[in-house]
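# what's the 3D shape of this:
(one chain, ligands or ions: 2)
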Amino acid sequence: MIVALANQKGGVGKSTVAVHLAVWLAEKGRKVALVDSDVQGSSSVWLKEAAPSVPLFRLQTPDDVLEQLPKLRSEFDHVVVDGPAGLSEVTRAVLFVTDLTLLPCGPSVLDLRAASDAIRVLKQVQSIRKGPPRAVLVPNKVQVAYRLSQEMLEAAQTLGIPAASPLKLRQAYADAAGQGSVVWRMKTKSALDAAGEIQNLFQELLKDEA
Ligand SMILES: Nc1ncnc2c1ncn2[C@@H]1O[C@H](COP(=O)(O)OP(=O)(O)O)[C@@H](O)[C@H]1O
Ligand SMILES: [Mg+2]
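Numbers count the residues shown, from 1 in each chain. Ligands and ions are numbered 1, 2, ... in the order given. Predicted coordinates for the structure are as follows:
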């Protein structure tokens, strides 16, 4: 299956979730590939350090996405696609072929509004494809002391996109990128908490597949 990270806003956690998910699946023995469709290529660099054996592909035009992604889907158990910043035709192309879309998003209603362009395109594609892709909001950088506001959860519900358990704002996620690692290989308290939370998230999201 194809799992794509989408949200035109930068800094919401697309690459962080993409790399962690690819490494998690690889460690579970799945045949997984990462497709980096962001011109910045940050997840490619990160994954090369964290899991050099996971095949990496860079697909950065709509034509490449529409032609190559379906082929990769048939070759791998899981293809994780790290989406580009900016709402481009590449995002649109990815949504046309993906099975599951994760929309990482900051923890407030304002952040959810900032994702509205991506959600609009998602709805267009779901309408044309008569259902797919399944989409799940992943609230990220939630303050450790706070719960997600009821307002945010209701806003998500109105949009018809279920919200997954949030990821909290933790130093370990930022450190993982710098160290070319993943939080469950790191030894700090922050990393331990992050590891539990992100692995639970993946289990919850892929309980039917992984
Ligand atoms: N839950 C989190 N807690 C702390 N820092 C985070 C968290 N998620 C992401 N970050 C940091 O925020 C920045 C943006 O994340 P990134 O995954 O690169 O976003 P995107 O790919 O959407 O632009 C990175 O420096 C990353 O380390
Ligand atoms: Mg990124």
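
# So which residues make contact with the one helix or strand Val19 maps to?
Using DSSP states H and E, Val19 sits in helix 14-27. Under the criterion Cβ atoms under 8 Å, 6 or more residues apart in numbering, residues 3, 5-7, 32-34, 38, 42-43, 46-47, 50-51, 53-54, 77-78, 80-83, 85, 102, 104, 138, 140, 167, 173, 176-177, 182-183, 198-199, 202, 210 lie in contact with helix 14-27. In this view, the C-beta of every residue, glycine as well, is placed from N, C-alpha and C.

# again, only this time at 6 Å
Among residues not part of helix 14-27, those counted as contacts by Cβ atoms under 6 Å, 6 or more residues apart in numbering are 5, 32, 34, 42-43, 46-47, 50-51, 54, 78, 80, 82-83, 104, 173, 182, 198, 202.

# Also near ligand 1: which of these, exactly?
Among the contacts of helix 14-27, the ones lying near ligand 1 by Cβ under 6 Å from any ligand atom are 42, 173.

# Among the contacts of helix 14-27, which lie within strands?
5, 32, 34, 78, 80, 82, 104 (DSSP state E).

# Just give me the closest of the residues you listed to Val12.
The shortest gap between Val12 and any of the ones in strands among the contacts of helix 14-27 belongs to Pro104, at 4.5 Å (Cβ to Cβ).

# Test of understanding: give the bridge partners of the closest one.
Per DSSP bridges, the residues bridged to Pro104 are Val138.

# roughly how far apart are it and Ser53?
25 Å (Cβ to Cβ, to the nearest Å).

# what do you get for Leu100?
In terms of Cβ to Cβ, Leu100 sits 23 Å off from Ser53.

# that older thread, with neighbour numbers in mind, choose between Pro104 and Ser53.
Shown here are Pro104 and Ser53; by other Cβ atoms under 10 Å, Pro104 has more neighbours (27 against 6).

# wait, that one sits on Gly13?
Yes: look at Pro104 against Gly13 with Cβ atoms under 6 Å: they come within range, at 3.9 Å.

# Lowest average confidence across helices and strands of the protein, where is it?
helix 150-159 (a mean of 86; mean pLDDT, DSSP states H and E).

# Buried residues, the helix holding Val19. List them.
Across helix 14-27, burial judged by 16 or more other Cβ atoms under 10 Å covers 14-26.
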